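Student: have a look; sequence and predicted model below, questions after that.
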Amino acid sequence: MQGTEAITSRLESVEISYCIVGGLAAIAYGRPRMTLDMDLVIALAPADLMRLYDVFPSEDFYLPPEEVLLSEIQRESRGHFNIIHQHSALRADCYLPGNSLLARWELENRTRLQGPFGEAWFAPPDSVIVGKLLFYREGGSAKHVEDIRSILKAGYPRDQSALLRWIKDMGLGSEWDEVNS
């Protein structure tokens, strides 16, 4: 996806931790396919807001109002907001870790990759698979199964024990069995 560095490089410039998850991560670890947005897990604290607004100026980017971001940051469950590049319509769906152990693990175990979208931080392939299993369970879309199979075919995951632990802990055994059938 063209232009992802317009967002990731700005986060890095103000030292806000993030990792790419979802479709772009599946592409990086597996097969090329279309996606219309980028999904990020982003570690954001109230003290980071001014830096965030500084690097995403309103003439170029949409960010929610400060009170909305503060509300999302303070959620115990996973908060969410968008960053939209107004000139290209690139949209980043930003997910805050909240009390999600998986999101925190993704940030702690992220990997720096050079891909067709530039260089950026990506969630580990194991967590991308787990995320795709969750989305498959929720919506049943075959694209998630195809993404998982392409990651596995490319030689991932790199930490089989972590993958199997997350599958067990999140009750994804039947979905995993279906992917592997």
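Tutor: Yes, it's here.
Student: can I get the lowest-mean-pLDDT helix or strand in the chain as CSV, trimmed to CA atoms?
Tutor: For the chain, counting by mean pLDDT, DSSP states H and E, strand 111-115 ranks last in confidence among helices and strands (a mean of 85). Extracted in CSV, the C-alpha atoms of strand 111-115 (Å, rounded to 0.1, in the frame of the first residue of the first chain):
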residue,chain,number,x,y,z
THR,A,111,9.9,-7.1,13.9
ARG,A,112,11.4,-4.4,11.7
LEU,A,113,10.8,-5.4,8.0
GLN,A,114,11.6,-3.8,4.7
GLY,A,115,8.7,-4.6,2.4
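Student: from Leu49, how far out is the closest residue to His87 other than its chain neighbours?
Tutor: Closest residue to His87 apart from its sequence neighbours, by C-beta to C-beta, 6 or more residues apart in numbering: Asp60 at 6.6 Å. Every residue, glycine included, has its C-beta placed from N, CA and C. Separation of Asp60 from Leu49 (C-beta to C-beta, to the nearest Å) stands at 18 Å.
Student: the helix or strand following the least confident helix or strand of the chain - contacts with which helices or strands?
Tutor: The element immediately downstream of strand 111-115 (helix or strand, assigned by DSSP states H and E) is strand 118-122. Packing contacts for strand 118-122, counted by 3 or more C-beta pairs under 8 Å, 6 or more residues apart in numbering; DSSP states H and E, involve helix 5-13, strand 18-21, helix 22-29, strand 111-115.
Student: deepest-packed of these, please.
Tutor: Mean neighbours per residue, mean count of other C-beta atoms under 10 Å, is largest over the helices and strands packed on strand 118-122 for strand 18-21, with a mean of 26.
Student: mind giving me the packing neighbours of that one?
Tutor: helix 5-13, strand 38-42, helix 101-108, strand 118-122, helix 125-139.
Student: all set, thanks.
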